[in-house]
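1. Sequence first, then the predicted structure:
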Amino acid sequence: MKDGSRAKLLVFARTYALALVINLIGQGNVGRIWRKGRLLRDAGPTGFAFAMAVAVGGGRVIQEHLPAFKAPEWQKSFLANILSSSAAITLLFRSFSKRTAWSFDLTLFLVVRAADSLVSHGLLAFADHSDGDHDHKRRTLKARQSMVDSLLFQLSSARIMWCFFYLPHLLPKAYHKWINALARVDDRLTHTLRLIHSRDWLYSTGSTSHRTLLTSYAKDLGYPASWGDPYQIPNHGGKSALNTWKAMDVPRGGIGGIPCELVHGTVTGSSCTANASLRFFHAIPKALLIYLPVHIIPALLRLRTVPSSKELYSLLLPRITGAFRSSAFLSTFLAAFYYAVCMTRTIVPSFIAKMSPSLAQLFTNDFIDGPYGCILAGSLACGGSIWIEDSRRRGEMALYVLPRALETIFSQAKGRAGGILERGLCTLCLAYLLTSAAHTPETLRGLSGWSLGLVLKPDVKNKKEE
């Protein structure tokens, strides 16, 4: 077999294997997938892995057999990738007749990654054609890009967290299960929040059909049932709230709403600071189980030879440090959410009451514990933890959560998944990403940059040697 043909087959094989692994990891338990018969289907000619192999490997084959015409090399590459991507998307969408959510996820993923690459390409072009010190302009542009990444992550994660409490059906079950396991929120508490959102459980009017929802929760935690009774809990802060809590023997001062002990759950008692701190430390081991493989496995996959012990140490040390840094980010994310929720429920009402008693009457606990009160504040605050990550990881995290946040906003578009417009958009974005990987790989980040670099770089090396 000629070296050129062998290289193309290797690109096809690498793409197929990597895409199959990514697909299986994304779906979860491999044994369950095998029992349901989905493994053979996903590995077949209409599966994700084969389609991606056709797109990546087919584009390189088509480009060599295009008729001769005058055009820049990247335009020829883009045309070839359009043809191969069109075939791949056609194959893939045949299996989407009953999996429209899957196709919608893929569309959002490709659109976000292609848009990010396009913006990066524009920023780099601006830096190259601007006057002044080239390195300084590149550093400035990277700093601005990092700020945009952080803002996108903060807004996207805020939307996802808010949906977790109020619109959980818009999130994948895996997302909901993972957030719930990490946050350790009792279902009765989240159910009450949704009832406040729908105005079926309010401090001002009570709730006849759901009165025992929080009273049973309070008793299970070892507190009086009255702590969860909407008919007894004050809706306003001030003297009336102070007298109510004194009668109930609750050291809460002149603050309305359910006691913070119910918000803290089984983690701790009345201290909001202790609750946030304990949740931070409890989350670190779970976060390490997530981030150690994320940081270490890609580095090991790039190895071409067996490293010495010294080389392995030099390779793994920064990755392990990065895993601890990422774990600190995720733990801070969780702690910041709870601390912001508690501060919004306690410190903010007290501050408003001191500044303007008349204004304080507008901030009832129906509002504070509602969808645009403490939960929104916590959802917005937790994303600030992204600044713990380095600039490269901030970009990766933003690109990871943005498609999911967009999906919750445009979820109604799922009914049109599989249409001509969506297929065309998938084809264009996939072709653009493949062209960028070959000609401007520096514009790709995160999963798209790593995966395409892994399957294409060895082939580029072989071409240079020829």
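-> On my side now, so go ahead.
2. State the number of residues packed around A80.
-> A80 has 23 neighbours, counted by other C-beta atoms under 10 Å. Glycine gets a C-beta too; all of them are placed from N, C-alpha and C.
3. where's it, which helix or strand?
-> Element membership for A80, per DSSP states H and E: helix 73-93.
4. then that helix to PDB, C-alphas only?
-> Written as PDB, here are the backbone C-alpha positions of helix 73-93 (Å, rounded to 0.1, in the frame of the first residue of the first chain):
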ATOM      1  CA  GLU A  73      -5.600  26.100  -1.200                       C
ATOM      2  CA  TRP A  74      -8.000  26.800   1.700                       C
ATOM      3  CA  GLN A  75     -10.900  27.300  -0.800                       C
ATOM      4  CA  LYS A  76     -10.200  23.900  -2.400                       C
ATOM      5  CA  SER A  77     -10.100  22.400   1.000                       C
ATOM      6  CA  PHE A  78     -13.400  24.000   2.000                       C
ATOM      7  CA  LEU A  79     -15.100  22.800  -1.200                       C
ATOM      8  CA  ALA A  80     -13.900  19.200  -0.600                       C
ATOM      9  CA  ASN A  81     -14.900  19.400   3.100                       C
ATOM     10  CA  ILE A  82     -18.400  20.600   2.000                       C
ATOM     11  CA  LEU A  83     -18.900  17.600  -0.200                       C
ATOM     12  CA  SER A  84     -17.600  15.100   2.500                       C
ATOM     13  CA  SER A  85     -19.500  16.800   5.300                       C
ATOM     14  CA  SER A  86     -22.700  16.800   3.200                       C
ATOM     15  CA  ALA A  87     -22.400  13.000   2.800                       C
ATOM     16  CA  ALA A  88     -21.600  12.600   6.500                       C
ATOM     17  CA  ILE A  89     -24.500  14.700   7.700                       C
ATOM     18  CA  THR A  90     -26.900  12.900   5.400                       C
ATOM     19  CA  LEU A  91     -25.800   9.500   6.800                       C
ATOM     20  CA  LEU A  92     -26.000  10.800  10.300                       C
ATOM     21  CA  PHE A  93     -29.500  12.400  10.100                       C
END
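5. other SSEs contacting that helix?
-> For helix 73-93, the contact count by 3 or more C-beta pairs under 8 Å, 6 or more residues apart in numbering; DSSP states H and E identifies helix 48-64, helix 100-129, helix 420-439 as packing neighbours.
6. Could you tell me the least trusted of those?
-> For those, the weakest mean pLDDT is recorded on helix 100-129, namely a mean of 79.
7. I'd like the average pLDDT over the helix or strand immediately after that one in the chain.
-> Proceeding N to C from helix 100-129, the next assigned helix or strand is helix 134-166, under DSSP H and E. Averaged across helix 134-166, pLDDT comes to 86.
8. how near is the residue nearest to M161 when sequence neighbours are not counted to L182?
-> Spatial nearest neighbour of M161, chain neighbours left out: S379 (4.0 Å); criterion: C-beta to C-beta, 6 or more residues apart in numbering. Applying C-beta to C-beta, to the nearest Å, the value for S379 to L182 is 14 Å.
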